[in-house]
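>>> Based on what follows, work out the 3D shape:
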Amino acid sequence: MSTPNPQTQPREFLTYLYEAAVRRAMPLHNMVAHLPPPPKGRTLVIGAGKAGGSMAQAVEALWPADAPLSGLVVTRYHHTPPRPSGLASRIEIVEAAHPVPDAAGLAASQRILDLVQGLTADDLVLCLVSGGGSALLTLPADGLTLAEKQRINKDLLNSGANIGEMNCVRKHLSRIKGGRLGAACAPARVVTLTISDVPGDDPSVIASGPTVADASTCADALAILKRYRIALPQAVHTALEQATLETPKPGDSAFSGHSVHMIATPQESLEAAAAAAREAGLNAYILSDEMEGESREVGKVHAAMARAAARPVMRAQACLAFIKPCVILSGGETTVTVRPVPAGGVRGKGGRAGEFCLGLALSLQGQAGVYALAADTDGIDGMEDNAGAFVEPGTLARAQALGLKVTDSLDQNDAYGYFQPLGDLVITGPTHTNVNDFRALLIL
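Okay, here's the model as predicted:
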């Protein structure tokens with residue numbers, strides 16, 4: 001497709017940058033260099049994540065047709081991509097709930113753990129890991145029911161805890177995460193292929209590191225639960241205190257010979273978007289692929305930078321190194337602390353990207369020449385049907401004409417309810433990959 005003109009088609013141009021970022025993270029484009037040769041024994045493929053279906057299909061397409069291949073991968077509901085014509089189905093793909101686990105994920109996780117029993121040193125396990133795997137690969141620790149795990153997961157999601165904190169807790173309340181799946185594969189060789197959706201690209205954090213040794217401790221998990229006032233069943237609390245739910249640690253011989261390959265990262269996707277912007281004649285600046293914090297507050301910080309860049313060139317040069325026309329890009333994983341619903345009120349809808357856009361719009365106050373898109377690269381912002389939202393100079397005025405106040409929407413965590421009537425939702429459907437938050441500000 002031809003490149004949209006950023007001056008006359010700002011929304012289409014921002015979408016073009018988002019698509020460039022997503023395209024860079026597609027598994028089939030990135031996996032071939034990291035696949036090992038077939039082993040003497042079996043090759044078993046296991047895994048979990050929002051990109052699980054497309055990763056499994058990439059393995060099927062790239063693996064020698066005459067080499068045995070089987071396995072099971074779990075992905076989010078409606079995230080299995082259409083099967084390419086002529087591609088043989090050798091890996092089973094099942095679907096389960098995200099971000100709150102369900103019985104389907106529980107059953108799939110038990111099946112995966114059962115599949116790795118009885119492997120030999122001649123066998124190879126390919127583990128396909130991507131963001132979302134923490135919820136999809138759910139097998140509660142002894143003494144913890146699925147219902148209790150669901151409640152704890154919801155509390156974590158609403159608490160404002162960052163992804164590292166949430167996944168530390170998830171590892172210690174699981175029989176399969178935090179390296180336990182990798183240890184269960186012994187003595188087979190394990191090659192983990194992962195798509196990063198976390199700040200810092202730490203494989204022990206992505207999907208709670210099911211095949212990677214874990215340096216965090218039960219004490220760490222307890223401290224996080226205490227910090228965010230999340231209750232535990234007494235028996236599980238005691239088990240954490242006594243460290244009986246500890247995860248396998250670095251140096252454990254069970255991980256001998258294992259390897260991890262990062263096949264796609266947030267930084268690479270941001271660089272792809274920056275390259276597309278520069279090809280269109282714009283300056284492009286990548287702030288960071290590791291941004292964390294409250295989404296609305298991150299939006300305010302981005303607004304301050306956009307306002308500085310929108311000023312006359314000499315003033316902007318004195319303040320920041322942003323020379324317009326330009327694009328400012330960032331990634332990472334922000335958080336949303338869900339506010340209590342007032343008496344008689346209704347719980348708002350939305351996710352991190354939408355809440356970022358609310359904070360951005362409020363702080364920009366209709367700043368001329370600034371357009372923005374924020375979206376999750378998996379195509380789903382939170383639990384809704386949109387990937388994110390657009391902001392433009394007329395956003396607040398158009399919303400006010402419809403009786404919508406951005407401050408009310410922030411109070412209610414209702415980004416979806418704010419941007420949907422404006423026609424400003426970014427709707428892509430599942431993208432079949434996941435390198436987390438993508439934010440692009442266009443300053444003209």
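>>> Then Glu95 would be within a helix, right?
No. Checked against DSSP: H, G, I helix; E, B strand; the rest coil, Glu95 lies outside a helix; its state is strand.
>>> So it sits against Leu72, correct?
No. Taking contacts as CB atoms under 8 Å, Glu95 lies outside contact range of Leu72: 11.9 Å. C-beta coordinates here come from the backbone N, C-alpha and C atoms, glycine included.
>>> Show me which of these two is the more surrounded one.
When Glu95 and Leu72 are compared for neighbours, Leu72 comes out ahead with 21 against 18, by other CB atoms under 10 Å.
>>> does that one sit in a helix or strand, and which one?
Element membership for Leu72, per DSSP states H and E: strand 70-76.
>>> Any regions of the stretch 301-444 of the chain where pLDDT drops low?
Low-confidence regions of the stretch 301-444 of the chain, defined by pLDDT under 70, span residues 313-320, 344-345.
>>> What segments of it are helices?
In the stretch 301-444 of the chain, helices defined by DSSP state H, counting those that start in this stretch lie at 313-319, 352-364, 395-401, 406-411, 415-419, listed in chain order.
>>> if I pick the residue nearest to Thr431 when sequence neighbours are not counted, what's in contact with it?
Taking CB to CB, 6 or more residues apart in numbering as the measure, Thr431 lies nearest to Gly379, with 4.2 Å between them; neighbours along the chain are not counted. When the contact criterion is CB atoms under 8 Å, 6 or more residues apart in numbering, the partners of Gly379 are Ala387, Thr428, Gly429, Pro430, Thr431.
>>> Start and end of stretch 337-357, how far apart?
Stretch 337-357 has its terminal residues 15 Å apart, counting by CA to CA, to the nearest Å.
>>> Name the stretch among the helices of the stretch 301-444 of the chain that sits most buried.
Sort the helices of the stretch 301-444 of the chain by mean neighbour count, taking mean count of other CB atoms under 10 Å, and helix 352-364 sits at the top with a mean of 28.
>>> next one: that helix to chain centre, how far?
Relative to the chain's own centre, helix 352-364 is displaced by 19 Å; criterion: CA atoms, centre = their mean, to the nearest Å.
>>> now stretch 21-28
That offset, for stretch 21-28, works out to 14 Å (CA atoms, centre = their mean).
>>> One more: stretch 291-310?
Mean-position distance between stretch 291-310 and its chain equals 20 Å (CA atoms, centre = their mean).
>>> what comes up buried for that stretch?
When neighbours are counted by 16 or more other CB atoms under 10 Å, the buried residues of stretch 291-310 are found to be 291-292, 294-296, 298-299, 301-303, 305-307, 309-310.
>>> Strands along the stretch 201-350 of the chain, start to end?
Ranges of strands in the stretch 201-350 of the chain, per DSSP state E, counting those that start in this stretch, are 259-264, 283-286, 326-332.
>>> Can you give me every residue that contacts the residue nearest to Thr337 when sequence neighbours are not counted?
Once its chain neighbours are removed from consideration, Thr337 has its nearest residue in Gly160; the separation is 3.5 Å (CB to CB, 6+ apart). Gly160 is in contact with Tyr228, Glu294, Thr335, Val336, Thr337, counting by CB under 8 Å, 6+ apart.
>>> Pretty sure the first one sits against Asn158.
No. Tyr228 sits out of contact with Asn158 when judged by CB under 8 Å, with a separation of 9.2 Å.
>>> Quick one: residues contacting Asn283.
Contacts for Asn283 (CB under 8 Å, 6+ apart) come out as Ala277, Phe322, Ile323, Lys324, Pro325, Cys326, Val327.
>>> hey, what's it bridged with?
Beta-bridge pairing of Asn283, defined through DSSP bridges, involves Cys326.
>>> Distance of it relative to Pro325?
Distance, Asn283 to Pro325, by CB to CB, to the nearest Å: 7 Å.
>>> now swap in Pro312 and tell me
When distances are taken as CB to CB, Pro312 and Pro325 turn out to be 13 Å apart.
>>> With Thr433 instead?
With distances taken as CB to CB, Thr433 is found 29 Å from Pro325.
>>> More neighbours: which of the two?
Each of Thr433 and Pro325 has its neighbours counted (other CB under 10 Å); Thr433 has more, 31 against 16.
>>> Hmm, Ala264 and the more buried one touching each other?
Yes. At 6.8 Å, Thr433 and Ala264 qualify as touching, with contact defined as CB under 8 Å.
>>> what do the two both touch?
Ala25, Met26, Pro27, Ile195.
>>> Which single one of those is nearest to Val370?
Using CB to CB, Ala25 is the member of the shared contacts of Thr433 and Ala264 that lies nearest Val370, at 26.5 Å.
>>> Contact partners for that closest one?
Ile195, Ala264, Thr265, Glu268, Ser269, Thr377, Thr433, Asn434, Val435.
>>> ok, 7 Å please
Ile195, Ala264, Ser269, Thr377, Thr433, Val435 (CB atoms under 7 Å, 6 or more residues apart in numbering).
>>> Check the closest residue in space to Val74 that isn't next to it in sequence and give its pLDDT.
Closest residue to Val74 in three dimensions, ignoring its sequence neighbours and counting by CB to CB, 6+ apart: Ala108, at 4.1 Å. At Ala108, the predicted lDDT confidence score is 97.
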